[in-house]
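**Q** Provide a 3D model corresponding to the input given below.
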Amino acid sequence: MTIKIWYENTRPVDNTETHMFIQRLKANYSRFKSPDTEFAIKSPVKGVKEMKYIMPGDPYYQLLRDPEMVEGAIQAQREGYDAVIMGCYGDPGIEVARAILDIPVIGVGESSRVVCRYLGATMIGVIGLPFRGVLMHRVAQLFAKEGFVAIRKSFSLSYEEIEACCEGNGDPTKFVEDFKKQAREAIKEGAQALIAAVTMGATLLTHQGVFEVDGVPVVDCTVAALKMAETMVEMKRKGLWKSTKHIPEDVFNALRQAHYYGSKSV
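**A** Reported below is the predicted structural model:
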């Protein structure tokens, strides 16, 4: 039986046919999905496109961005998808979406930590975007809450360089080498698994065949989320999953009429 999975991207995309991140993610998902899985990659129509303006983990940024992500999740359920993946390492809006939906809502960051658990890793090298301490601080808190130690490192490349490597016309090997450099620093401090805490970077590493650094496994958060989504849908179909939805439909509709809600994803 077909499993339909919706991936909600975090930023608007002008042209999905030429956007390198979207194309790499499609290629990776086509490679790693189960034979009966279908997937769609959708993006909000509102939001900042320039990477230099994103502020994952910042309260004001989350306030503005999360409604669009949650609206995409609502759209996924209404269009008959079996699960939705929130495509940002900070897992925006997953608690909200789980409160209103009857399908599994999967966080990429959360999924990567599940994989690390089953790898037997407790000290995780988390390589994130530069100069964004709020997200990395919150990631470290989540890791600690779940019994992990996050060894935090930042890419030395600038935002513009990272965006060019992962989404534009830059040399992807430049990003790969920077990741390996930061990963080796984390390994020196005891990292037993490695994560690129940025979805486009994780996708590029997988597309480039980077699955380990000096014998330490690299966990792609987006692929981890895909496999988690497939698993949760199978569990739901066998009666082994229960929705955490707790907002009644009439209250849900009344709140939507009274307050702002986002635009459709495309």
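**Q** Test my guess that Thr10 contacts Tyr89.
**A** No: using C-beta atoms under 8 Å, Thr10 makes no contact with Tyr89, being 9.2 Å away. All C-beta atoms are positioned from the backbone trio N, CA, C, and that covers glycine.
**Q** got any residues that touch both of the two?
**A** By C-beta atoms under 8 Å, 6 or more residues apart in numbering, Thr10 and Tyr89 have these common neighbours: Thr199.
**Q** Who has more neighbours out of those two?
**A** Set side by side, Thr10 and Tyr89 show more neighbours around Tyr89, with 29 against 23, by other C-beta atoms under 10 Å.
**Q** for this protein, longest helix please?
**A** Longest helix in the chain by number of residues (criterion: DSSP state H): helix 59-78.
**Q** Give me the packing partners of the helix or strand following it, helices and strands only.
**A** Where DSSP states H and E defines the elements, the next helix or strand beyond helix 59-78 is strand 83-87. Using 3 or more C-beta pairs under 8 Å, 6 or more residues apart in numbering; DSSP states H and E as the contact test, the elements touching strand 83-87 are strand 3-9, helix 59-78, helix 94-100, strand 105-107, helix 108-118, helix 221-237.
**Q** By mean pLDDT, show me the worst of these.
**A** Across those, helix 59-78 has the smallest mean pLDDT, namely a mean of 93.
**Q** could you say what helices and strands it packs with?
**A** Applying 3+ C-beta pairs under 8 Å, 6+ apart, we find helix 59-78 packed against strand 3-9, strand 37-42, strand 83-87, helix 94-100.
**Q** where does this structure have its least confident helix or strand?
**A** Of all helical and strand segments in the chain, the minimum by mean pLDDT, DSSP states H and E falls on helix 133-145, at a mean of 80.
**Q** Pull out the buried residues from it.
**A** 135-136, 138-140, 142-143 (16 or more other C-beta atoms under 10 Å).
**Q** Relative to Gly72, which of those is nearest.
**A** Taking C-beta to C-beta as the measure, Gly72 lies nearest Leu135 of these, at 20.2 Å.
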